[in-house]
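Colleague: 3D model of this:
(one chain, ligands or ions: 1)
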Amino acid sequence: MSRTPSSEIRLASRPIGIPTAANFTLARTELKPIRDQQVLVRNLCMSVDPYMRGRMNAGKSYVPPFELGKPLEGGAIGEVIESRAEGFKPGDAVTSSYGWRECFIASPKDLHSVSRAIQPLSVYLGALGMTGMTAWAGLHLVEIRAGETIFISGAAGAVGSVAGQLAKLRGCRVIGSAGSMEKVMFLREECGFDIAFDYKVGPVLEQLNLEAPDGIDVYFDNVGGEALEAALSSLRLHGRIIACGGISTYNEEKPRPGPSNLFNITTKRLTMKGLMVLDWLDRQAEFEKEVGAYFRAGKVKHKETVVQGIDKAVGAFLGLFQGQNVGKMVVELA
Ligand SMILES: NC(=O)c1ccc[n+]([C@@H]2O[C@H](COP(=O)([O-])OP(=O)(O)OC[C@H]3O[C@@H](n4cnc5c(N)ncnc54)[C@H](OP(=O)(O)O)[C@@H]3O)[C@@H](O)[C@H]2O)c1
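Modeller: Predicted coordinates:
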C-alpha cells in the first residue's frame with residue numbers, strides 16, 4: 001500500500017517577543033497507510049489565529065503549548081481522501097484541529113462533518129467557525145440588548161467583523177476601531193457598522209469620545225492596552241466588557257501593568273466577563289443554526305484574506321500581528 005506525501009510546519013524554537021520565520025520549519029513527511037477506524041484527510045484550508053502565539057510559549061495555559069520539533073495544530077477544513085471508519089467517505093468535508101499540514105490521519109472522534117452546500121468551505125474557519133462562534137458567544141455572555149451602543153476593537157478581523165454584524169442584527173449601535181482606512185471603509189460599507197475609526201491616526205479615547213459623547217454600554221475587547229483603557233473611561237454606569245482577547249500584548253517580553261484607570265470598574269459598577277470559546281462547544285449546533293441562517297440569507301458576510309500554500313502559512317500567521325488581514329486570515333492548501 002502506498003504512503004501519502006505531505007508537508008507540515010513544525011515549531012523549531014520558542015520566540016522571545018515577536019515571533020519570526022526562524023521559529024518554524026517546513027518539513028516533508030510520509031503518512032503510513034490507514035488502519036481500521038482511521039480516516040485520511042487532505043486539508044483544503046487552514047486557519048492561523050492570534051491565540052497560537054500563546055501556544056508557542058512553554059508552560060501551562062488553557063491549551064497545551066506546541067511541542068518543539070512537532071507539527072503545530074489549529075483549525076482546518078479538509079476533504080476525506082480515504083476512510084476505513086463508518087460515517088466518513090471520500091469527498092466528505094470535515095473540520096479538525098489538524099491544521100499546519102497538508103494531509104493527516106485521524107480517528108472519527110477528531111473530525112466534524114460539515115455541509116459542502118455552504119461555500120466557500122473556508123467559512124467554517126471564519127463566520128461559521130471558531131471565530132464566528134467567539135463573536136456570537138461574546139454577545140450572549142453580556143446579554144446584549146437592542147438600542148445599546150457597543151464598541152468593538154480589532155473590529156475588521158475575524159471575530160470583530162462578525163461581532164459587529166451580529167450586534168447590528170440585534171438592534172445595537174455599533175462602533176469599531178481598526179488599523180487602516182481600508183478597514184474602516186470595510187466596516188462601514190460592508191459590515192454595516194454605524195461608526196468606524198482608524199486607531200492609528202489619533203488616541204482611541206479622543207476618537208471614541210467624539211463618536212460616542214454619551215458613552216458606550218458594552219465593550220468587546222479583542223486588543224487590550226490602549227483600547228481597553230479608552231473603553232473603561234467611556235463606559236456608562238453598569239456597562240459591560242467582553243474580555244475576548246488582547247492582541248496588543250501577546251508579543252510583550254514582560255507583562256505590562258494593567259490599565260491605569262481600572263478603578264472605573266468600581267466607580268461605574270462595571271462588569272468584565274472573560275470569554276473562552278471552548279466553554280461554548282455544547283452550544284455549537286445552536287450557533288451554527290442561527291448564524292448559518294444569517295449567512296445563507298446574506299445577513300452576515302464572511303470576509304477573508306487568503307494566502308496560497310503551506311510555505312506561506314508562517315507569513316500569514318506573522319501578518320496577523322501587523323494587521324495584514326481584513327476578515328479571517330486563511331491559508332489555502334489545495
Ligand atoms: N477568548 C476566546 O475564546 C477567543 C477566541 C478567538 C479569538 N480570540 C481573540 O480575539 C482577538 C481577535 O482574534 P481574530 O482571530 O479575530 O484575529 P483578527 O482580528 O482576525 O486578526 C488580528 C488583528 O489584530 C489587529 N492587531 C494586531 N496587532 C495589534 C495591536 N498591537 N494593536 C491593535 N490591534 C492589533 C490587526 O488589525 P488592525 O489592522 O486593526 O490592527 C490584525 O488584523 C484576538 O485577541 C484573539 O486572541 C479570543
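Colleague: all contacts plus neighbour counts: C-alpha atoms, from now on.
Modeller: Will do.
Colleague: Show me what from the stretch 51-200 of the chain comes close to the ligand.
Modeller: By the rule C-alpha under 6 Å from any ligand atom, the part of the stretch 51-200 of the chain lying against the ligand is 51, 131, 134, 154, 157-160, 178-180.
Colleague: Out of the residues you listed, which two sit at the greatest distance?
Modeller: 134 and 180 (23.4 Å; C-alpha to C-alpha).
Colleague: higher neighbour count, those two?
Modeller: Higher neighbour count among residue 134 and residue 180: residue 134, with 25 against 17, using other C-alpha atoms under 10 Å.
Colleague: Next, the contact list for the closest residue to the more buried one other than its chain neighbours, please.
Modeller: Spatial nearest neighbour of residue 134, excluding adjacent residues (C-alpha to C-alpha, 6 or more residues apart in numbering): residue 277 at 5.3 Å. By C-alpha atoms under 8 Å, 6 or more residues apart in numbering, the residues touching residue 277 are 130, 133-134, 137.
Colleague: Same question for residue 104.
Modeller: 31, 40-43, 98 are the contacts of residue 104 under C-alpha under 8 Å, 6+ apart.
Colleague: OK, contacts around the residue nearest to residue 308 when sequence neighbours are not counted?
Modeller: Distances taken as C-alpha to C-alpha, 6+ apart put residue 332 closest to residue 308, at 4.9 Å, once the chain neighbours are dropped. The contact partners of residue 332, taken as C-alpha under 8 Å, 6+ apart, are 44-46, 306-310.
Colleague: gap between the residue nearest to residue 134 and residue 64?
Modeller: Distance of residue 277 to residue 64, computed by C-alpha to C-alpha, to the nearest Å: 16 Å.
Colleague: Drop anything exposed from the contacts of residue 332.
Modeller: 44-46, 306-307, 310 (16 or more other C-alpha atoms under 10 Å).
Colleague: Show me the residues of the stretch 51-200 of the chain next to the ligand that map onto helices.
Modeller: Among these, the members found in helices (DSSP state H) are 131, 134, 158-160.
Colleague: okay, the residues you listed in a markdown table with pLDDT next?
Modeller: Below are those laid out as a markdown table (pLDDT from 0 to 100):
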| residue | pLDDT |
| --- | --- |
| 131 | 98 |
| 134 | 98 |
| 158 | 98 |
| 159 | 98 |
| 160 | 98 |
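Colleague: just those residues now: which is nearest residue 112?
Modeller: Nearest member of those to residue 112, counting by C-alpha to C-alpha, is residue 131, at 16.2 Å.
Colleague: OK, contacts around the closest residue to residue 205 other than its chain neighbours?
Modeller: Distances taken as C-alpha to C-alpha, 6+ apart put residue 230 closest to residue 205, at 4.6 Å, once the chain neighbours are dropped. By C-alpha under 8 Å, 6+ apart, the contact list for residue 230 reads 204-205, 208.
Colleague: among those, which are in helices?
Modeller: Those of the contacts of residue 230 lying in helices (DSSP H): 204-205, 208.
Colleague: By neighbours, which of those wins?
Modeller: Within these, most neighbours by other C-alpha under 10 Å means residue 208, with 25 neighbours.
Colleague: Hmm, it is touching residue 234, no?
Modeller: Yes: between residue 208 and residue 234 there is a contact under C-alpha atoms under 8 Å: 7.5 Å.
Colleague: Now for the residue minimising distance to the centre of the chain: which residues touch it?
Modeller: Centroid check for the chain by C-alpha atoms, centre = their mean gives residue 131 as the closest residue, at 3.9 Å. Shown in contact with residue 131 (C-alpha under 8 Å, 6+ apart): 125, 158-159.
Colleague: Please repeat the previous calculation with a cut-off of 10 Å.
Modeller: Going by C-alpha atoms under 10 Å, 6 or more residues apart in numbering, residue 131 touches 49, 123-125, 137, 157-163, 277, 328.
Colleague: now do the same end-to-end measure for stretch 184-195.
Modeller: Start-to-end span of stretch 184-195 (C-alpha to C-alpha) is 9 Å.
Colleague: circling back to that earlier point, so the residue nearest to residue 205, which state does it fall into?
Modeller: helix (DSSP: H, G, I helix; E, B strand; the rest coil).
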